[in-house]
Structures are given as C-alpha cells and as structure tokens.
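Enquirer: Coordinates for the following, if possible.
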Amino acid sequence: MAPSPDSTAWNNIQDSDVKRALAEDKYDDCTACRVTGSAAFIGLGAYSYHTGMTNLRKQEQAIMKGPTKYKMGSRRLGIVTISATLVGIGVWRAIN
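Expert: Predicted coordinates:
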C-alpha cells in the first residue's frame, strides 16, 4: 500500500521555510492588554507592600518576643523584595 501524498507532505518542509515562518510569526500584544496586565502587577505590588507592612506593624510585639531568628528587618526585606518584583514585572509588561 503506497502512502498518500497528503500523509508525507510534512516531510517536504525545508529548514528555510520553517525559519521564515518563525521569523514572520511575531506575537503582537494589544495596548489594552498591556495596560491591564501592567496595572494588575503594579497594583498587586502596591497592595502586597501595604498589607504586608500593616500586618508586620500589628504583629511586631509578638515577632520580637518569638524564638525565631527572623525578626523585623528580614521580614521587611522580604515584603519589599516581593513588592518590588511585582512592580518591576508590571513596568516591564508596560514597556515590552
């Protein structure tokens, strides 16, 4: 039984055809998607900073009395790092 021409058509694709198709297939994002995505990440970063610092201030006495070696400085650093990363992703999303 001979293979049909349609079943072996994928074997005839040249490397140059594939490279050309990939070069032409550039993803373009709409402006509304960029604005929404960047606003979401920036807002999430601001929200995580605000709520994290608020909760940290409320729990400061319990944290300082606790046996853990991670006191206020390292916890603040963690909150700032997470928040700055989220804001950075939002800014990157807006310009790329």
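
Enquirer: okay, CA-based contacts and neighbour counts for the rest of this
Expert: OK.

Enquirer: do you know how far the residue nearest in space to the middle of the chain is from residue 36?
Expert: For the chain, the residue nearest the mean C-alpha position is residue 89 (5.8 Å; C-alpha atoms, centre = their mean). In this view, residue 89 and residue 36 are 13 Å apart by C-alpha to C-alpha, to the nearest Å.

Enquirer: wait, the residue nearest to the centre of the chain sits on residue 41?
Expert: Yes: counting by C-alpha atoms under 8 Å, residue 41 is a contact partner of residue 89 at 6.5 Å.

Enquirer: coming back round to it: give me the mean pLDDT for the helix or strand hosting the residue nearest to the centre of the chain.
Expert: Assigned by DSSP states H and E, residue 89 belongs to helix 72-95. Average pLDDT, helix 72-95: 95.

Enquirer: Likewise for stretch 23-32?
Expert: On average, stretch 23-32 scores 78.

Enquirer: ok, back up a step: shared neighbours of residue 89 and residue 36, which are they?
Expert: Common neighbours of residue 89 and residue 36 are not found (criterion: C-alpha atoms under 8 Å, 6 or more residues apart in numbering).

Enquirer: next one: stretch 43-52 to chain centre, how far?
Expert: 16 Å (C-alpha atoms, centre = their mean, to the nearest Å).
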